[in-house]
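**Student:** What follows is a protein structure lacking sequence information:
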């Protein structure tokens, strides 16, 4: 992760809102002062339930390139079952962040590779605040709070602004509540405050 | 190069004019001739019947008593003759009265 | 009250000396359609015989606005025009899409179906001369059983035509009518009725063609009448789903009289090579449709 | 940390297109969904439903009818808009020619997508390039801000030169990617693009037959005036295209003076002044290429970028002027004229033919069907072309970037 540019890859399942959050992260980062922000879905057809990815790129300067992210600085995983796939952490740079929606201890996700791990139980948070669609918890917005906590690249206020641009008022309050809870409950191994 | 005087049109647009397709008297082979003695409207000197006017596909027959036929633009279809209930209209060959064609004198190899 | 011949307006919106063939029924149709609309109409026209009638640049044979359209897109262009004019508060004219049978039932059917489903505020008139006459009489989806064209088997077409009014009825549009140049007052009244209804209105018009049907030009009106008198073309209208026979078809149904189809097609060259079996089949097709129409009229 | 302006929205290219159409106060919208353009239709439908846009939204049953409705509505006197992609654009084909021949100021978005078969919904520019000769102006955008700005300029342009304008932007790469876009207020847009002065030529008091059959030769009208034949109309259309080159650049100047940013008009250059090696491309690739030029400069190669914004009309003089000092031009085409080569390469080569000083030109076919292209790869390609030139190897065949055959 260089000072001037951060590349982020999202892993989720179709219908979990990975693309929406990736876009909101770009928006929040713009509000946080990044001049160049960009977020793109992995191009192609999407199926509900199938693994999908999206990418977010943040830069202090305006962005001029659009090619796909190869070596992410941050990998965000919306569903810990996706951790079984080696593709999930593929290319994650040394010292990068791995943020996982999971109820397990981050230490158990430590593969010994040189990146930092943060874990949030976004499923429980989404259920608590009532973010359920068709019986499934919408975990995407809670993860924005986890990003704020673990990486510090955005603040909660920026997330709220980004949400206001994407959701109705009622939806903003619930989603923001999820992000705030996630911010409080994210457990970090080698978190930004206490770098190893 | 052909000079297109006065035409300032950017796209093709036409304005109405009679005889867009040219005079039909030039190529028509038969023409309608109305006999006022048989025409109901003419006899009654009143706008009655008017079937020739109603059915003319070329709008060349007037809604008058007697109806008048514009032979400049009549195509000679003969509908007016057919729809006339009193057989007042007959179709007459355009070249009636002209000398008949003499094939032997044309020199064409037929 | 029904219009009679002498109460038809005198004003004309078609100029003489146009490019239509001698004896073409479209002239009769257009004259009475425009009379019924008092000339307050803009016509959208695809490639068709009517295009020819309207004339070549830089002169026009009609005194109403004409917008030429691509062959498959008449209804789309008309619905765009209608929406646009309405947007500008220009509501002094009816937008009429006027296409031949090909531009309606074949290549034009998708755009027509789309416009009808949307309820585009247009009057769509199909003048059905039963083949691609403008390109030299190739078969269309409206060419009758047993009729010969330049692309049918030499003995005649082996399929019956589509039932376009039924197809449009399936779209649930508010007004559907058939009419014939042989019965101009019936045609006139129907156009006026259609004019006063909002939404997609469809009229299917019989359009005898001397060049394509191979009969003498003088017989166009006789052909139009025989088509009706034999029950081959049925005069009817469907208003808000209620079907009724009109005019000559209604009086025929009441009298229980109908001429045999052979009387209609006898002088048409396009049927000259049809076998007796094919003509029997045609008669049977006409009988079935007629009986269904009469039954529907009586029960609705 | 600097604070970013609040008038900026972080939105997709499709949203930028829809926002531009909304602020342009389009009056009739007709569109049919197709990946990757569908979001434009969805956004405009919601704008109309919620009253953000006061327009007729016509949900047609096909792209053919979408353009048909636009043609009817434009003749009827309204400002109209549509958008499409790939097969949808191809399905509009005959209507495209009809719109251009009618000289209607229709503005259309094209979220560029590969043509099938085989099926592919991802980006290249084959769809728009295939419609090159229909008479439409084609402008290519490099990012979402440029999409928004180009659409606003396109309405001005179309209404001034009486030609339809296709605003092309790479599918997914721009259409589905969010990035910051500065959206001016309605008042600011109105000042640049006044609401459409509707006036219809469909008039009962002056009935005319629009687009009638027109013969090859001029013909006299009833007053005896000799009126154009088909060729005269087509010649005027060509002249309008050529004249549009100036208009495109001038409108961009006016845009710049009001909004403080520019699209570049017909071209957009980067470090061209002293460039020995020029990378040339259209769309997002022209932006990606600027990063490649930076890489090359870091290595000591004087590289620059010529981004082609206006493909039709083709800015021949500007391209020639901007390439006259280059030693080497590498053209990256995201489409192909099968049996010959990359369309931009071919056109640029033709443009340079009459030029006294001609650079060497190498052609690259890249990114077909969504194949990822990295700035590094563009730089490597340009470097390999430069090596080829330095080794005096002579003519070089077109190369397909990243081809694994």
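**Tutor:** Cool, got the structure. Only a predicted model underlies this, so the values are computations on that prediction, with no experimental measurement involved.

**Student:** Spatially, what comes nearest to residue C:290 if we skip its sequence neighbours?
**Tutor:** Leaving aside its chain neighbours, residue C:290 sits nearest to residue C:231 (3.9 Å; criterion: Cβ to Cβ, 6 or more residues apart in numbering or on different chains). C-beta here means a position set from N, CA and C on the backbone, and glycine is covered the same way.

**Student:** Can you name the residues that contact the residue sitting furthest away from the middle of chain C?
**Tutor:** Relative to the mean C-alpha coordinate of chain C, counting by Cα atoms, centre = their mean, the farthest residue is residue C:88 (30.8 Å). Residues counted as contacts of residue C:88 (Cβ atoms under 8 Å, 6 or more residues apart in numbering or on different chains) are D:76-78, D:198, D:200.

**Student:** Does the particular helix or strand that has residue D:87 in it reach chain A?
**Tutor:** Counting by DSSP states H and E, the element that carries residue D:87 is helix D:86-91. No. Counting by Cβ under 8 Å from any Cβ of the partner chain, chain A is not contacted by helix D:86-91; separation bottoms out at 13.7 Å.

**Student:** Residue C:208 looks like it's in a strand, true?
**Tutor:** No. Assignment of residue C:208 by DSSP: H, G, I helix; E, B strand; the rest coil gives coil, placing it outside any strand.

**Student:** quick one: it and residue C:220 touch, right?
**Tutor:** Yes. Contact status for residue C:208 versus residue C:220: in contact at 5.0 Å, counting by Cβ atoms under 8 Å.

**Student:** shared neighbours, the two?
**Tutor:** Going by Cβ under 8 Å, 6+ apart, residues that sit against residue C:208 and also against residue C:220 are C:25, C:181.

**Student:** okay, the two: which has more neighbours?
**Tutor:** residue C:220 (32 against 29; other Cβ atoms under 10 Å in any protein chain shown).

**Student:** Now do the same for that one: helix, strand or coil?
**Tutor:** helix.

**Student:** List the residues that contact it.
**Tutor:** Neighbour list for residue C:220: B:57, B:77, B:79, C:23-25, C:28, C:181, C:208, C:210 [criterion: Cβ under 8 Å, 6+ apart].

**Student:** Over to residue A:133: give its phi and psi.
**Tutor:** phi -130, psi 120 (degrees, to the nearest 10).

**Student:** which bits of chain D sit near chain A?
**Tutor:** Counting by Cβ under 8 Å from any Cβ, the residues of chain D near chain A are D:1-4, D:8-10, D:12, D:35-36, D:121-123, D:143, D:170, D:172-174, D:176-180, D:284, D:287-288, D:290-291, D:370, D:372-375.

**Student:** of the residues you listed, buried ones?
**Tutor:** D:4, D:8-10, D:12, D:35-36, D:121-123, D:143, D:170, D:172-174, D:176-180, D:284, D:287-288, D:290-291, D:370, D:373-375 (16 or more other Cβ atoms under 10 Å in any protein chain shown).

**Student:** List the ones among those residues that fall in strands.
**Tutor:** Of the positions in these, D:8-10, D:170, D:179-180 sit in strands, assigned by DSSP state E.

**Student:** Any stretches of chain C with poor pLDDT?
**Tutor:** Scanning chain C for pLDDT under 70 picks out C:1.

**Student:** And the spatially most central residue of chain B, its phi and psi?
**Tutor:** Chain B has residue B:74 as the residue nearest its centroid, 1.2 Å off, counting by Cα atoms, centre = their mean. Residue B:74 adopts backbone torsions of phi -70, psi 130, taken as degrees, to the nearest 10.

**Student:** Need the per-residue pLDDT for the nearest residue to it once chain neighbours are set aside.
**Tutor:** Spatially, and ignoring its direct neighbours in sequence, residue B:74 is nearest to residue B:60 (4.6 Å; Cβ to Cβ, 6+ apart). If you check residue B:60, the pLDDT there is 97.

**Student:** same thing with residue D:89?
**Tutor:** For residue D:89, the pLDDT comes out at 98.

**Student:** Could you report the neighbour count for it?
**Tutor:** Residue D:89: 28 neighbours (other Cβ under 10 Å).

**Student:** That one against residue D:66, yeah?
**Tutor:** No. Contact criterion Cβ under 8 Å: residue D:89 and residue D:66 do not qualify, at 10.2 Å.

**Student:** Spell out which parts of chain D neighbour chain B.
**Tutor:** Going by Cβ under 8 Å from any Cβ, the residues of chain D near chain B are D:101-103, D:162, D:201, D:207-212, D:214, D:217-218, D:221-222, D:225-229, D:232-233, D:236.

**Student:** So which elements touch the least confident helix or strand in chain A by mean pLDDT?
**Tutor:** Using mean pLDDT, DSSP states H and E, the weakest-scoring helix or strand in chain A turns out to be helix A:106-109, at a mean of 81. Helices and strands touching helix A:106-109, by 3 or more Cβ pairs under 8 Å, 6 or more residues apart in numbering or on different chains; DSSP states H and E, are strand A:97-101, strand A:116-120, strand A:187-189.

**Student:** mind listing what's buried in that helix?
**Tutor:** Result for helix A:106-109 [16+ other Cβ under 10 Å]: buried residues A:106, A:109.

**Student:** Okay, now the unreliable bits of the stretch 151-300 of chain D?
**Tutor:** Going by pLDDT under 70, which is the cut-off in play, the stretch 151-300 of chain D has no low-confidence ranges.

**Student:** swap that for chain B, please
**Tutor:** Judged by pLDDT under 70, the stretches of chain B that qualify are B:1-6, B:25, B:99-110.

**Student:** Recalculate using a threshold of 80.
**Tutor:** B:1-7, B:24-27, B:95-110 (pLDDT under 80).

**Student:** Would you map the helices across the stretch 201-350 of chain D?
**Tutor:** Using DSSP state H, counting those that start in this stretch, the helices of the stretch 201-350 of chain D run over D:230-259, D:284-298, D:316-323, D:343-352.

**Student:** Let me know which of the ones you listed is tucked in deepest.
**Tutor:** helix D:284-298 (a mean of 24; mean count of other Cβ atoms under 10 Å in any protein chain shown).

**Student:** residues in contact with it?
**Tutor:** Contacts of helix D:284-298 (Cβ under 8 Å, 6+ apart): A:64-67, D:140-143, D:169-170, D:173-174, D:268, D:270-271, D:275, D:277, D:279-281, D:302-305, D:307-308, D:332, D:334, D:366-367, D:373-379, D:382-383.

**Student:** Would you map the helices across chain A?
**Tutor:** Using DSSP state H, the helices found in chain A span residues A:18-31, A:106-109, A:122-129, A:140-151, A:156-166, A:169-185.

**Student:** Can you flag the weakest of those by average pLDDT?
**Tutor:** Among those, helix A:106-109 scores lowest, at a mean of 81.

**Student:** Tell me how far that helix lies from the chain's centre.
**Tutor:** 18 Å (Cα atoms, centre = their mean, to the nearest Å).

**Student:** swap in stretch C:141-155?
**Tutor:** 19 Å.

**Student:** Sort out which residues of that stretch are buried, please.
**Tutor:** Going by 16+ other Cβ under 10 Å, stretch C:141-155 has these buried residues: C:141-149, C:152.

**Student:** follow-up on the earlier one: and the helices of chain A: which comes nearest residue C:261?
**Tutor:** helix A:18-31 (64.5 Å; Cβ to Cβ).

**Student:** which residue sits farthest out from the middle of chain A?
**Tutor:** residue A:64 (22.9 Å).

**Student:** and it, what does it touch?
**Tutor:** D:143, D:287-288, D:290-291.

**Student:** center of chain C, which residue is that?
**Tutor:** Note: chain C centre (Cα atoms, centre = their mean) maps to residue C:205, 1.9 Å.

**Student:** Chain neighbours aside, what residue packs nearest to it?
**Tutor:** residue C:127 (4.7 Å).
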